[in-house]
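Chemist: Quick check, what structure comes out for this input:
(2 chains)
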Number of protein chains: 2
Amino acid sequence: MKNLLGREIPDYIDGHGPVKPFQGSFSNCGVKTRSAVKLTSVLPNDQKVLPSLDDLFDKLKITDGMTISFHHHLRNGDYVLNMVMEKLAARGLKGLTIAASSIFPIHAPLVKHMETGVVTGLITNYLSGPVAEAVSRGRLLKPAIMQTHGGRARAIESGDLKIDVAFLAAPTADPYGNINGVYGKSACGSLGYAVADAEYANVTVAITDHLVPYPANPIEISQIYIDYVVKIDSIGDPQGIVSGTTKITKDPVALIIAKRAAQLIKASGLVREGMSFQTGAGGTSLAVAAELKKIMQDEGVVGSFASGGITGYLVEMLEEGLFRSLLDVQCFDLKAVESYRDNPSHQFMSASMYGNPHTKGAVVNNLDIMILGATEIDLDFNVNVTTGSSGVIMGGSGGHSDTAAGSKLAIVVTNLMKARLPIIRDKVLTATTPGESIDAVVTERGIAVNPRRLDLLEQLSQAQLPLMTIGELKQLAEKITGIPKPIETSEEIVAVIEYRDGTVIDVVRKVQE
Amino acid sequence: MKNLLGREIPDYIDGHGPVKPFQGSFSNCGVKTRSAVKLTSVLPNDQKVLPSLDDLFDKLKITDGMTISFHHHLRNGDYVLNMVMEKLAARGLKGLTIAASSIFPIHAPLVKHMETGVVTGLITNYLSGPVAEAVSRGRLLKPAIMQTHGGRARAIESGDLKIDVAFLAAPTADPYGNINGVYGKSACGSLGYAVADAEYANVTVAITDHLVPYPANPIEISQIYIDYVVKIDSIGDPQGIVSGTTKITKDPVALIIAKRAAQLIKASGLVREGMSFQTGAGGTSLAVAAELKKIMQDEGVVGSFASGGITGYLVEMLEEGLFRSLLDVQCFDLKAVESYRDNPSHQFMSASMYGNPHTKGAVVNNLDIMILGATEIDLDFNVNVTTGSSGVIMGGSGGHSDTAAGSKLAIVVTNLMKARLPIIRDKVLTATTPGESIDAVVTERGIAVNPRRLDLLEQLSQAQLPLMTIGELKQLAEKITGIPKPIETSEEIVAVIEYRDGTVIDVVRKVQE
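Modeler: The predicted structure is shown next:
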């Protein structure tokens, strides 16, 4: 069958099950269910602290085929996933599914576990490094399931993704399982992505390298959701957890793109009292923030909130009074961690509050302006942030589809060409975010507005902006690069791309070797 | 049938259903379920703010027989319950059940709604004033169900108590339903009792008199749980919401009791680093806190936390460094509200985190010392805080049974006689908290330790304390008062007393008129 984007998707995918095709950003909403949860009551005098991972695994009845989960707040500094998997492999377990909110290069040991059958399933929102490579080459028995940040929370809360045991890397924990991410040598800030795991897993384990006396302060995730606490020497490498500083690009082309994006934002009329804004941590994205800041200062505008993964740059904007609040699901750098710890206006949000479409209203629904990246965009404005130019997985939606769907103005900022390849294609190899959610593409050569946004086009008609069609942008690039050869893929499906509502927006097929 | 306390309880109670008898404080624990919740997804551009209660009720499909809930953070200053009920009565609704965490004298208009059949059911943790009187006299069609603070959260989360519409009185709300209790003219502090309602009701409405721009700060209850927001002129009377100051008793007998209680605590060995403590807001209870404070200062002990409804007196102990943290489900006075708002060590807890026995560990499980009141105690140490000397309902468990069950040392402090009646009886008229949870009774004439606590008796053997049996205490009082006439009750059951685990610990029968 073909879904709404015309992507060819089987009705049934082995190792995944029946497919609900993507039928539009908000077609699968309405009345939904947060699922029931089983828990074992903890009584007075019950102890939660176990002296080691081995004691934990002696106690937990982990069996072949179970699904275990991890969050990615320790990013490329995370030791917890590898440690747990090494123990489980040593205990001879097979056929496990890993539900990790993201996978980074540090998780390379997973490749071995995939090859030995310890791990046969992977569910994640973002996939990079050796594991991404291995999945793309068909090394995982079942197709990986790639979700969005909001979609993962939805899947967990709805029961679509059932977690047997959740492992929560906890920079600070007390002996009764109250945890936070702001203190300790592995401090990472907000633990927003871990909330659904804690609330809905059958069993939840906090793994910490900083056990503090009861009660922890602050309490980001409550004791009522935690079964066990294990103290180990180190849960992560601070160097990989948070970057020291966030830098705005100095690349002149990127700066031109940023300036254009800011001009577009200004012309859209969205720079106004109470405006809200989100951007990623990439250099170009931050350059847009810097341009926007100037406009806000010139016009004396105070925004309501900036959201998402939070960088020091957004913290500065908060401190300068340009936003009244930050809503933080994850801190990207030390400055963000410190601000989140010390500034009450820098507030917590869970992944569900951030982007779950099946709640009574996620934060993305209130976003005005969202700055997004792309590895490919097609003539229908569909965006690929999942596979790279060789067809190999090198990312995933994360919050891309969530914020694009929710925001009033979702802008993709990108060079027209990267590594001598054009970014705009007839069809993206992998559709991560549907074109209906994307309002404009800004490149160094021109701006294409999605023709669905007639209102925006009218709004912009008086502005001095280098508007063109996306087809014209494509031609501009192809004049220089030529038309690139399509990537050859086999029929074998190595990953299923779930839209945030759980429908299938695309699949990734194995690249020809 | 008789339950574990020997109380005669029918197998089936009309208007209540089948009865699960109380069988011991922790007999009904183990594997439990938090129930599934249906919700309607809120999409971008959906608006939650409605201009008036009438617009709300035009929109909500409230029908005869539904259960609607309220929380009691505005206490005897609450306007919301009365306003909502007046509107529903005017719309001709019948047979509603009110699930309100507590009922105060201000809710007197409920009596009329009971008499006209608008309200036929009442589920609450604490019941005082004209409504208590009316329930006791059989004016409510179905027996009232009286729960504990932790038990109410349990009932809601388990699905035993299904709420069709929850009305949340919100001292501060933003247009997308993020709410807090710390700002606005009706500020009440922590909204701990409202959390389960927000999370589990079919529909949730925030009613506020202080609508702030998005996003509210702080966010105590998230937008993801709120369907509608209604702005009205005033949700409550500040005079009734929080008392200005908290006063320690000057009554010399009460001060003697407090001193004795403190001596008992000291002798128990629980005054030690990391100790935890809870007491109510009554004058004698606070006098115990004052005595305990002196001991802690003398011994240089720093406690881990004090919890519960928080008073300015506990705030002072926090500020003086005698506790590292406060865990706050409800603020009793202005000083507590300000501290909760401004001091990060003064932390939030939900009713579930406070005392729900079917979680992975409530705060009461970590309590060392709990100071409790009583209207009657019997020779088995069972405590009545539900009915008064005439057999009329004048209170209820609130957190009494929760904290008694969880704490290591649960002490009832009471005068030996009140209004010329002895407090210690052969059998309490109404068993609110089972004797197995009560460790000692402290009166002005002597201290009785529960004989189940052999360990405590041994610990105290070297201390110079006026220990006696509870029977001796009873005789002491009866020498003065004589043996009081038993209260005559009819067979008609007017209230069912649920223990925190949902079993029935007792019933209240209609008093003879």
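Chemist: residues in contact with the closest residue to chain B within the stretch 201-350 of chain A?
Modeler: Relative to chain B, the nearest point of the stretch 201-350 of chain A is A:I224 (3.9 Å; CB to the nearest CB). Where you see a C-beta, it was placed from the backbone N, CA and C, and this is true even at glycine. Neighbour list for A:I224: B:352-353, B:356, B:359-362 [criterion: CB atoms under 8 Å, 6 or more residues apart in numbering or on different chains].
Chemist: And those residues, which of them are buried?
Modeler: Applying 16 or more other CB atoms under 10 Å in any protein chain shown to these, the neighbour count classes B:352-353, B:356, B:359-362 as buried.
Chemist: So which of the contacts of A:I224 reach chain A?
Modeler: Among the contacts of A:I224, the ones lying near chain A by CB under 8 Å from any CB of the partner chain are B:352-353, B:356, B:359-362.
Chemist: any weak-confidence spans in chain A?
Modeler: Applying pLDDT under 70 to chain A picks out residues A:244-246, A:513.
Chemist: so the residue sitting nearest the centre point of it bridges to which residues?
Modeler: Centroid check for chain A by CA atoms, centre = their mean gives A:G398 as the closest residue, at 2.0 Å. Note on A:G398: beta-bridge partners by DSSP bridges are A:T148.
Chemist: For the residue of the stretch 201-350 of chain A closest to chain B, which non-adjacent residue is spatially closest?
Modeler: Distance criterion CB to CB, 6 or more residues apart in numbering or on different chains; nearest residue to A:I224, sequence neighbours excluded, is B:T359 at 3.9 Å.
Chemist: Would you mind writing the CA trace of the helix or strand harbouring A:A289 as CSV?
Modeler: Assigned by DSSP states H and E, A:A289 belongs to helix A:283-299. The C-alpha coordinates for helix A:283-299 follow below in CSV (Å, rounded to 0.1, in the frame of the first residue of the first chain):
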residue,chain,number,x,y,z
GLY,A,283,25.6,26.3,14.6
THR,A,284,23.2,27.6,12.0
SER,A,285,20.2,27.2,14.2
LEU,A,286,21.9,29.2,16.9
ALA,A,287,22.8,31.9,14.4
VAL,A,288,19.1,32.2,13.7
ALA,A,289,18.5,32.7,17.4
ALA,A,290,21.1,35.4,17.4
GLU,A,291,19.5,37.2,14.5
LEU,A,292,16.1,36.9,16.1
LYS,A,293,17.4,38.3,19.3
LYS,A,294,18.5,41.5,17.6
ILE,A,295,15.0,41.9,16.1
MET,A,296,13.3,41.2,19.4
GLN,A,297,15.6,43.8,21.1
ASP,A,298,15.0,46.4,18.3
GLU,A,299,11.2,45.9,18.6
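Chemist: counting contacts, what elements does that helix pack onto?
Modeler: For helix A:283-299, the elements it packs on are helix A:252-267, strand A:276-279, helix A:312-319, strand A:369-372, strand A:409-413, judged by 3 or more CB pairs under 8 Å, 6 or more residues apart in numbering or on different chains; DSSP states H and E.
Chemist: OK, contacts around A:A362?
Modeler: With contact set as CB under 8 Å, 6+ apart, A:A362 has these partners: A:150, A:352-356, A:402, A:406, B:224.
Chemist: The same query, at a cut-off of 6 Å, please.
Modeler: Listed by CB atoms under 6 Å, 6 or more residues apart in numbering or on different chains, the contact partners of A:A362 are A:355-356.
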